[in-house]
Each structure stands twice: as C-alpha cells, then as structure tokens.
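Trainee: Here is my input, please return the structure:
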Amino acid sequence: MEIEIITFGEIAGFLKAQQLTVNDIEDTDGLKAYLEQSFPTLANMKYKLAVNKSLIQDNTQLKRNDSVAIMPPFSGG
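Mentor: Prediction:
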C-alpha cells in the first residue's frame, strides 16, 4: 500500500516527506510502530498524526494513497 508522509517542524529534520510503500500495515498504530522502529528519534518524541488533513486521536484504518501528516506538539495564539 502506498501512503504519503508529510512532516513538520523538527520531525522534518530527520524524516523527510515522502511516498512510502508499506506492506502489512493497516492502521495508524501499525504505521507508528513501523516509523518509530525505522526512525528511533521519533520514538522519543511526542507527536500527533493527521490522516487526510484530519487530526486523529485514536487508531485509524489506512487506505491506499492516504496522506499522513506527522506533527510535533504545537500551540496556538
């Protein structure tokens, strides 16, 4: 399955935005585990995921060509 990874802030420094082809990953929990294993720096950070421009709080199913944004903590003002 192909998904687009979009990164922001300090995360973009070590995990560049990219098209990612993943097998056997069906949801955001599986994607997080894969990314944290591939990029150990990410495992030690707090971050949020958005799927197709919607911030998610819970595990979410992924479909081919979904767009997943990985964002560090942020605050508004």
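Trainee: just the helices in the protein please.
Mentor: For the chain, the helices defined by DSSP state H occupy 28-38, 40-43.
Trainee: Which one, of the ones you listed, ends up nearest to Ala12?
Mentor: Of all the helices of the chain, it is helix 40-43 that lies closest to Ala12, at 11.5 Å by C-beta to C-beta. For the C-beta atoms, the positions are set from N, CA and C on the backbone; glycine is no exception.
Trainee: what's in contact with that closest one?
Mentor: Identification of contacts with helix 40-43 by C-beta atoms under 8 Å, 6 or more residues apart in numbering yields Ile11, Phe14, Leu15, Leu35, Glu36, Gln37, Ile70.
Trainee: how does it look with 6 Å?
Mentor: Residues outside helix 40-43 that contact it (C-beta atoms under 6 Å, 6 or more residues apart in numbering): Phe14, Leu35, Glu36.
Trainee: of all those residues, which comes closest to Ile5?
Mentor: Distances from Ile5 to the contacts of helix 40-43, taken as C-beta to C-beta, are shortest for Leu35 (8.0 Å).
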